[in-house]
Structures are given as C-alpha cells and as structure tokens.
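1. show me how the following folds:
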Amino acid sequence: MLEKSYLIPQKKGQFLSYEDFDTHTTEEHKFKFYDGKPFSPDNTFQEDRLLIMLLYSIGVERFVNELLPQESKKLLYQLLKLNQVNEGLSNKDKLSLLKEIILADQAIIDELNEEESEDYFECIDIFLQSSDNTIMEASLATRYLIFKNAKERRE
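-> All right, here's what the predicted structure looks like:
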C-alpha cells in the first residue's frame with residue numbers, strides 16, 4: 001500500500017522532479033476508470049497522492065483563486081473554519097459560524113421548496129446538536145448538496 005505523500009503544497013506552484021512524479025502516479029502513469037472514479041475504490045492512496053502532487057505543482061493560491069468554483073470556495077472556507085479547533089467548537093463559535101453560513105445562504109434559502117427547506121434546517125439542527133467535527137462537516141456538506149440539487153432542478 002502506498003504511503004501518504006511527502007510533498008507539501010505551497011502558496012505558489014513548485015517544480016517536481018521525475019522521482020516525485022513517478023512516486024505519485026501509477027506504475028503505468030495512466031488512469032483506469034472504476035465505476036465513476038479514475039482509480040480503484042479499494043486504494044484511495046492513488047488519487048490522494050496524485051491530488052497532492054498536482055496541488056504541489058500548481059500551488060494552493062492558483063487552485064483556490066483560479067480553478068475552484070465559488071460554491072466550493074464557500075464549502076472549503078466553512079470546512080477550514082470547522083477544523084481550526086481540533087476538539088470541536090464552543091457553542092459561541094458554532095453560532096458565529098452558523099450566522100455566517102445562513103447569511104451567505106439567504107438568497108438560496110428563499111428559492112428552496114418545502115422539502116428542501118426542511119432538509120436544510122435539519123442539517124442546521126444536526127450541526128448545532130453535534131460536538132463531533134465529522135458530523136458537523138457532514139451536515140454542512142449535505143447542506144451544500146441540497147443547494148446544488150435545488151439549483152440543478154431550477155435550470
């Protein structure tokens with residue numbers, strides 16, 4: 001099994017050595033398609049290592065500012081904010097983050113149908129009741145998917 005990457009992506013992109021490239025790609029330097037994924041679902045290290053190598057090569061700044069869609073930037077911001085506190089957020093921090101989220105979501109909330117609204121507020125409720133970062137992150141990610149599905153339905 002492959003180990004985690006030793007590369008550390010920086011603000012600006014870095015040059016790779018051939019050895020870096022070779023150790024972060026498959027032996028054949030090819031992708032194989034497995035049920036909707038470019039790598040075997042049994043071995044996530046391949047995609048993890050490739051992603052780190054690509055981020056190392058292009059730089060985090062370019063990824064965030066030029067490539068990442070706005071919706072993903074919001075989600076990334078929220079996830080990073082959740083991860084600032086390793087052992088969970090205080091109630092005050094949770095409410096502060098929730099206020100930011102709801103203000104950012106306000107225009108989209110007005111467009112949700114009744115079922116989507118119920119699902120959205122259930123995610124918020126789960127977020128508020130949990131002290132587990134994984135559950136809080138999952139509730140925010142689910143919230144994002146509700147918006148994405150609602151947007152696709154309208155189009």
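2. ends of stretch 21-36, what's the gap?
-> Stretch 21-36 stretches 24 Å from its first residue to its last (C-alpha to C-alpha, to the nearest Å).
3. contacts for that stretch?
-> Under the criterion C-beta atoms under 8 Å, 6 or more residues apart in numbering, residues 5, 7, 38-41, 46, 49-50, 52-53 lie in contact with stretch 21-36. Yep, even glycine has a C-beta here, placed from its N, CA and C like the rest.
4. same deal with stretch 95-108?
-> Contacting residues not belonging to stretch 95-108 are listed as 74, 78, 81-82, 89, 109, 120, 124, 127-128, 140, 143, 147, 150-151 [C-beta under 8 Å, 6+ apart].
5. so, low pLDDT: which residues of the chain?
-> Low-confidence segments of the chain (pLDDT under 70): 1-2, 82-89.
6. and the most centrally placed residue in the chain, how far is that from Asn133?
-> The geometric centre of the chain, computed from its C-alpha atoms, lies nearest to Leu76 (C-alpha atoms, centre = their mean), at 5.4 Å. For Leu76, the distance to Asn133 equals 15 Å [C-beta to C-beta, to the nearest Å].
7. what count of nearby residues applies to Glu66?
-> When neighbours are defined as other C-beta atoms under 10 Å, Glu66 has 9 of them.
8. now do the contacts for it.
-> Glu66 sits next to no residue when contact means C-beta under 8 Å, 6+ apart.
9. ok, now with 10 Å
-> Counting by C-beta atoms under 10 Å, 6 or more residues apart in numbering, Glu66 touches 58-59.
10. and for Tyr144?
-> If you count contacts by C-beta under 10 Å, 6+ apart, Tyr144 has them with 71-72, 74-75, 78-79, 105, 123.
11. let's see it at 6 Å
-> Applying C-beta atoms under 6 Å, 6 or more residues apart in numbering to Tyr144 gives the contacts Leu75.
12. try Phe127
-> 136, 139.
13. quick one: which helix or strand includes it?
-> Element membership of Phe127 [criterion: DSSP states H and E] is helix 114-129.
14. relative to helix 114-129, how tilted is the helix or strand following that helix?
-> Following helix 114-129 in sequence order, the next helix or strand is helix 133-154 (DSSP H and E). Interaxial angle of helix 133-154 relative to helix 114-129 (axes from the mean of the first three to the mean of the last three C-alpha atoms, to 10 degrees): 160 degrees.
15. before I go, just wanted to say thanks for your time.
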